[in-house]
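Undergrad: The sequence and its predicted three-dimensional model are supplied below.
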Number of protein chains: 2
Amino acid sequence: MKKLYLKDIAHQLNVSKTTVSLVLNNKGDENKISKETQNRILEFARKHNYKPNQLARGLSLGKSETIGLIVPDISDIFYARIASCVEKKAKEFGYNVVFSSSNESPETEQELIRTMLNRQVDGLIIASTQQNAADIEQLKQSSFPFVLIDRHYPEIETNYVLVDNYKGVKLATEHLYNNGRRCIGFVSLHPQLEAIRQRLRGYKETLESLGLKPEKAFIKELDKETHKTAMKKAIFELVSKPVSVDAIVFSTHYLTSMGLRELRALGKNVPKDVAIVSFDEMSAFDLVDPPITSILQPFNDIGNLAVECLFKEMKNKMVKIDHQHILEVELLIRKSCGS
Amino acid sequence: MKKLYLKDIAHQLNVSKTTVSLVLNNKGDENKISKETQNRILEFARKHNYKPNQLARGLSLGKSETIGLIVPDISDIFYARIASCVEKKAKEFGYNVVFSSSNESPETEQELIRTMLNRQVDGLIIASTQQNAADIEQLKQSSFPFVLIDRHYPEIETNYVLVDNYKGVKLATEHLYNNGRRCIGFVSLHPQLEAIRQRLRGYKETLESLGLKPEKAFIKELDKETHKTAMKKAIFELVSKPVSVDAIVFSTHYLTSMGLRELRALGKNVPKDVAIVSFDEMSAFDLVDPPITSILQPFNDIGNLAVECLFKEMKNKMVKIDHQHILEVELLIRKSCGS
DNA sequence: CTTTTAAACTAAACCGGTTTAGTTTTTAGA
DNA sequence: TCTAAAAACTAAACCGGTTTAGTTTAAAAG
């Protein structure tokens, strides 16, 4: 059973390629192709299950009906969930998704953006490393449709779908305070990410508003390359004298896991000795001992909104910056802060 | 800054498109383009950062340098991890990956396969719903390069990369036995999946080899649509009289989570009252109370091997069935089976 | 001094669609 | 009866690359 081409249909039915193409693209009526011919073509195409070559179609139309998704790491459950949403939503529009992970490397991200542009994706959804302002700026200048998710560039005006990092950490910190904690630590990664900066700001300002002082010693900012080894030291310092925190806010799910492992290794009881809250969660956090109080991100909304915005951009040709969404997060109280 | 085309380079340098194309594809020497001309072209292309339109290139070459990945659910951490691997490995070959989730629906899977073929992917990696023999058979007949992962069709000879499901469950069951358990239950999903059948077989035959009888009442096969509600009933029946198992093997990570929640809701102590083992795990299973003894799947090897096999197929034109890999699994003993 | 051969390059066809600018045939109007 | 307009269809250009089958020029061979 060899592949069927437009040309073949035309030959078989004794009409031109033009006619076949018009009919199959639903332009039969406006081009005054007789109903009878239309039916013959439609019928034949259906019967032989004709599907056009998308490369040829894309080349001709100047669009690929594919969008690109660039995330730091597709095996991170947070991004995997977003990817799943993006894919579903894109499919509603008849679009496919090509994905790639930047592994937090700006160089890789740059390369990925270019590769995707060469592949003629019609739009991009990017969770950027945030160290790639030049490329983002260029995308904007060339008015290529794109939407940033999870991370944005405060200095560049773009469409984005973010999460209220500040408020999330505020909620978490206040919750710890309300549970009687007064020495609240903060463990975080890559301070170069705006999202992380917002979380840090949320932490500091909330402490201050509560009349507490955010001591430098309470704050551990781990380097992304070395955080696996650095975590041990960080936790040790936080829970030992003279710092001796009685609570820790972790800025990401996997930091929470790692931190909790270290706390246990040190024989600390959670939440009695040290209460913890996690920004973002993993699938089994409700089963952990103790179940971990977490700030939940609305990954479904992030994915859906991002795709919707992107398609509006793609439709309008002119890219308007009018989709700057900051979504609410939710504090899910479990047991890791006491009570 | 408008897009630069091959034609533009040719004009600017006063040579033909042919020459430019040959040089940029490293065919300058074999086509006797002078070193000098080659350098001029290479230099110019680099300076202006020329990248060919991949749709045009793909159409011309009859290949897209893209592979398709079809999994049941990309937001499942197991498939997300495999996707991550596949992407990395594919990139080594200069390939991109388009992914899609079938959501366990054979119709969706069928549609995805066709869509991907229309998009001219050069090969497919499929974790099939296993209810789509017709399409798989057809792929095979048309000798289109593809590799099955995680799930295969025993009745169709194809290349695949699987995991030794039988042995995994055998290991788990024996471990429970060695910890003194004699009433071992089995909770599973979709018995139509070959992988699940293998796991069930592993369970039954191991029990028999240990001199135990695999009672029907010990085995719960949940329906995929209703498993969320059915789990409650299943666990209740397993741990109540007259069945009263003292151990459960769960055939998938999320079943383990759900089952554990139900066990807790019933006030059962794990592992004292009921020991559990999970086939496959989630990120935080080591932090759960108790840490869950799990059968680990080598997702890295699955992804890498699948890509390697696929590329061999793609290179050889002739698709040879000589890549039937069954990878070893590992039992990671934690605390959920006692000590 | 012609004929071969090699070196360096190119025109045009091709991939498989879409679309513009027609052409042919039929019908309606004057 | 002749012309204009409408209906139904199509040839050929185009998208942006790759590649086949040459062409032109210069040097080597006879």
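TA: Arrived safely.

Undergrad: When you work out contacts or count neighbours from here on, use the C-alpha atoms and nothing else.
TA: OK.

Undergrad: For A:Pro298, which non-adjacent residue is spatially closest?
TA: Once flanking residues are discounted, A:Pro298 sits nearest to A:Val329: 6.6 Å by C-alpha to C-alpha, 6 or more residues apart in numbering or on different chains.

Undergrad: For A:Ser257, which non-adjacent residue is closest in space?
TA: B:Ala284 (6.9 Å).

Undergrad: Secondary structure element for the one you found, which one?
TA: Using DSSP states H and E, B:Ala284 sits within no helix or strand.

Undergrad: Which residues are in contact with it?
TA: Counting by C-alpha atoms under 8 Å, 6 or more residues apart in numbering or on different chains, B:Ala284 touches A:257, A:282-285, A:288.

Undergrad: Phi and psi next, for it.
TA: phi -100, psi 20 (degrees, to the nearest 10).

Undergrad: pLDDT score for it?
TA: Model confidence at B:Ala284, given as pLDDT, is 90.

Undergrad: quick one: low-confidence parts of chain A?
TA: For chain A, applying pLDDT under 70 flags the ranges A:1, A:317-319, A:339.

Undergrad: Can you list the buried residues in stretch A:248-265?
TA: A:248-263 (16 or more other C-alpha atoms under 10 Å in any protein chain shown).

Undergrad: And stretch A:53-71, by the same measure?
TA: So, applying 16+ other C-alpha under 10 Å, buried residues of stretch A:53-71: A:53-59, A:63-71.

Undergrad: on that earlier part again, phi first, then psi, for the residue nearest to A:Pro298.
TA: According to degrees, to the nearest 10, A:Val329 has phi -110, psi 170.

Undergrad: In a helix, A:Ala90, correct?
TA: Yes: assessed with DSSP: H, G, I helix; E, B strand; the rest coil, A:Ala90 lies in a helix.

Undergrad: For it, give its distance to DNA strand D.
TA: 24 Å (C-alpha to the nearest atom of the strand, to the nearest Å).

Undergrad: Count residues in the vicinity of that residue, would you?
TA: 22 (other C-alpha atoms under 10 Å in any protein chain shown).

Undergrad: Tell me where chain A has strands.
TA: A:66-71, A:96-101, A:123-126, A:146-149, A:160-163, A:184-189, A:219-222, A:247-250, A:275-279, A:294-296, A:324-327, A:330-332 (DSSP state E).

Undergrad: could you dump those to JSON lines with distance to B:Asn179?
TA: JSON lines is the format used below for the strands of chain A (distance: least, C-alpha to C-alpha, whole Å):
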{"stretch": "strand A:66-71", "distance to B:Asn179": "44"}
{"stretch": "strand A:96-101", "distance to B:Asn179": "43"}
{"stretch": "strand A:123-126", "distance to B:Asn179": "50"}
{"stretch": "strand A:146-149", "distance to B:Asn179": "49"}
{"stretch": "strand A:160-163", "distance to B:Asn179": "47"}
{"stretch": "strand A:184-189", "distance to B:Asn179": "40"}
{"stretch": "strand A:219-222", "distance to B:Asn179": "41"}
{"stretch": "strand A:247-250", "distance to B:Asn179": "37"}
{"stretch": "strand A:275-279", "distance to B:Asn179": "34"}
{"stretch": "strand A:294-296", "distance to B:Asn179": "35"}
{"stretch": "strand A:324-327", "distance to B:Asn179": "49"}
{"stretch": "strand A:330-332", "distance to B:Asn179": "37"}
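
Undergrad: Kindly report the residues of the stretch 1-150 of chain A close to DNA strand C.
TA: Contacts of the stretch 1-150 of chain A with DNA strand C, taken as C-alpha under 7 Å from any atom of the strand, map to A:4-7, A:17-19, A:21-22, A:24-25, A:51-53, A:56-57, A:59-61.

Undergrad: of those residues, list those near DNA strand D.
TA: A:17-19, A:56, A:59-60.

Undergrad: Quick check: of the residues you listed, which lies closest to A:Gly267?
TA: A:Leu59 (62.6 Å; C-alpha to C-alpha).

Undergrad: Tabulate the contacts of B:Ala284 in a markdown table, adding columns for distance to B:Val86.
TA: Formatted as a markdown table, the contacts of B:Ala284 follow (distance: C-alpha to C-alpha, whole Å):
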| residue | distance to B:Val86 |
| --- | --- |
| A:Ser257 | 26 |
| A:Met282 | 23 |
| A:Ser283 | 23 |
| A:Ala284 | 25 |
| A:Phe285 | 28 |
| A:Val288 | 30 |
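
Undergrad: Could you identify the most distant pair in these?
TA: A:Ser257 and A:Ser283 (11.7 Å).

Undergrad: And the nearest residue to A:Phe218 once chain neighbours are set aside, how far from A:Arg264?
TA: With C-alpha to C-alpha, 6+ apart as the criterion, A:Phe218 has its nearest non-adjacent residue at 4.5 Å, and that residue is A:Gly185. Distance, A:Gly185 to A:Arg264, using C-alpha to C-alpha, to the nearest Å: 17 Å.

Undergrad: repeat for A:Asp289
TA: Taking C-alpha to C-alpha, one finds A:Asp289 at 10 Å from A:Arg264.

Undergrad: count of residues packed around the residue in the stretch 101-250 of chain A that DNA strand C sits nearest to?
TA: Residue of the stretch 101-250 of chain A nearest DNA strand C, by C-alpha to the nearest atom of the strand: A:Gln120 (13.9 Å). A:Gln120: 22 surrounding residues under other C-alpha under 10 Å.

Undergrad: Over to A:Asp289?
TA: The local packing of A:Asp289 (other C-alpha under 10 Å) involves 17 other residues.

Undergrad: do you know how far A:Asn269 is from A:Ile276?
TA: 11 Å.

Undergrad: Tell me which of those two has more neighbours.
TA: Higher neighbour count among A:Asn269 and A:Ile276: A:Ile276, with 29 against 14, using other C-alpha under 10 Å.

Undergrad: Pull up the gap between that one and DNA strand C, please.
TA: The separation that A:Ile276 has from DNA strand C, given C-alpha to the nearest atom of the strand, amounts to 56 Å.

Undergrad: residue contacts, that residue?
TA: Contacts of A:Ile276 (C-alpha under 8 Å, 6+ apart): A:247-250, A:270, A:292-293, A:336-337.

Undergrad: ok, the residues you listed vs B:Asn316, which is closest?
TA: If you rank those by distance to B:Asn316 using C-alpha to C-alpha, A:Phe250 comes first, at 50.5 Å.

Undergrad: list the contacts for the closest one?
TA: Counting by C-alpha under 8 Å, 6+ apart, A:Phe250 touches A:186-188, A:256, A:276-279.

Undergrad: who wins for most neighbours among those?
TA: Going by other C-alpha under 10 Å, A:Val277 tops the contacts of A:Phe250 with 32 neighbours.

Undergrad: In contact with that one, which residues?
TA: So A:Val277 contacts A:172, A:248-250, A:256, A:292-295, A:336-337 (C-alpha under 8 Å, 6+ apart).

Undergrad: run the last query once more with 10 Å
TA: Under the criterion of C-alpha atoms under 10 Å, 6 or more residues apart in numbering or on different chains, the neighbours of A:Val277 are A:169, A:172-173, A:175-176, A:186, A:247-253, A:256, A:271, A:292-295, A:331-337.

Undergrad: The stretch 151-300 of chain A: helices as residue ranges?
TA: A:165-178, A:194-209, A:227-239, A:253-265, A:299-316 (DSSP state H, counting those that start in this stretch).

Undergrad: hmm, the last one in reach of chain B?
TA: No: using C-alpha under 10 Å from any C-alpha of the partner chain, helix A:299-316 never reaches chain B; the gap is at least 11.1 Å.

Undergrad: For that helix, buried residues please.
TA: For helix A:299-316, burial by neighbour count (16+ other C-alpha under 10 Å) applies to A:299, A:301-314.

Undergrad: quick one: which of the residues you listed is nearest to DNA strand D?
TA: DNA strand D lies nearest to A:Met314 out of these, by C-alpha to the nearest atom of the strand, at 17.9 Å.

Undergrad: Check the gap between the closest residue to A:Glu157 other than its chain neighbours and A:Tyr203 for me.
TA: Spatial nearest neighbour of A:Glu157, chain neighbours left out: A:Ile321 (7.2 Å); criterion: C-alpha to C-alpha, 6+ apart. From A:Ile321 across to A:Tyr203, the span is 30 Å (C-alpha to C-alpha).
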